[in-house]
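> predicted model, plus sequence, below.
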Amino acid sequence: MLLTRENIGALSRSLRALVFQARESYTPFWPRIALEARTEGRVGVYTWMEDFPTMREWEGERKVQNLSLKTIYLENRDWELTFAVSRKDVEDDLLDQIRTDAQEYAIRWAQHNDVLITELMTKGFTATAHDGAPFFGNHRVGRQTFSNRGTAPLSREAFRAALTAMRGITDAKGYPLGFFRGGKPYLIVGPSLEYAAREIVELPTLPTGGANLDYGTAEVIVNPWLVGEYAAYWFLVDGSRPIKPFILQRRSDPEWVARDDPSTSDTVFKENVFVYGVYERKAVGYLYWQLAYGSTGAGS
């Protein structure tokens, strides 16, 4: 390829289109369990309800239910993914290889939101929620204490116990919240627990015979980042409500950045490479612990 300004510009536009198209072809799991929000400033501000309002019989004047609200501040962070293209590869018309590499970078970029939400989940056993307790921990509601944390390895009995516990969460007055009853909750596991999870909720009959009462009670999501020290972790999430247990906040749309002008780019001059990348500002955080259960699977 002759390295004219027009040809270099065309290459940048082609790579941009390819990268964004490859990103859109990836199907993430995070929208099923996290709320997406946009903010116009450096910090997003939200309110978190410690309690939920309930209907009451109207007698006399309306009764304003004073909700305990906490303010959540979520600061955006800067993120980038940058890759280099050899000037010689462009000159030698190795465009197929360049496009293939660019598509792989795009997939890595597309997976990033799933990675961030996964990190929230795995850190949730120690990271503090808005009530001062670990997100996966013991939470005080009125005079009661509810736990959305477990240590049991994934099994049919552990799954049932977790689902029962989450369905039993009430507000401060003892009114059932009704979470984990509308639609199928998500049973989120890593690759090593995939078949155990599918056996629990996707087989109509038990391995020993007879009907599987847990059939269809949850939808399995296999999270490829639950490996290594997190391989035994498993989670139940109610994603059927307008509110979610997690939030992904965006400050701006992703920006494409190119440094490929031989007359102005230091990287072209010093290293003989064209540099391309994407930049975005976003953040993730915790919202409602009542919609998520987590187990370390450690057994103690």
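Arrived safely.
> the strand ranked longest in the chain: what's the following helix or strand?
If you go by DSSP state E, the chain has its longest strand at strand 273-286. Where DSSP states H and E defines the elements, the next helix or strand beyond strand 273-286 is strand 292-295.
> tell me the strands beside that next one, with direction?
Applying DSSP bridges to the sheet, strand 292-295 is found paired with strand 149-150 (parallel), strand 234-237 (antiparallel).
> and the contacts of the longest one?
Applying Cβ atoms under 8 Å, 6 or more residues apart in numbering, the contact partners of strand 234-237 are 32-33, 121, 154, 159, 162-163, 166, 180, 185-190, 193, 197, 218, 226, 245, 291-295, 297. For the C-beta atoms, the positions are set from N, CA and C on the backbone; glycine is no exception.
> can you say which of those are buried?
Under a neighbour-count criterion of 16 or more other Cβ atoms under 10 Å, the subset of the contacts of strand 234-237 counted as buried comprises 33, 121, 154, 159, 162-163, 166, 180, 185-190, 193, 197, 218, 226, 245, 291-295, 297.
> these in helices, which ones?
Those of those mapping onto helices are M121, F159, A162, L163, M166, A197, per DSSP state H.
> tell me the phi and psi of the residue lying closest to T122 once chain neighbours are set aside?
Once its chain neighbours are removed from consideration, T122 has its nearest residue in Y230; the separation is 5.1 Å (Cβ to Cβ, 6 or more residues apart in numbering). Backbone dihedrals for Y230, given as degrees, to the nearest 10, come out at phi -100, psi 10.
> pLDDT wise, what is the closest residue to A127 other than its chain neighbours at?
Distances taken as Cβ to Cβ, 6+ apart put F135 closest to A127, at 5.7 Å, once the chain neighbours are dropped. According to the predicted model, the pLDDT of F135 comes to 96.
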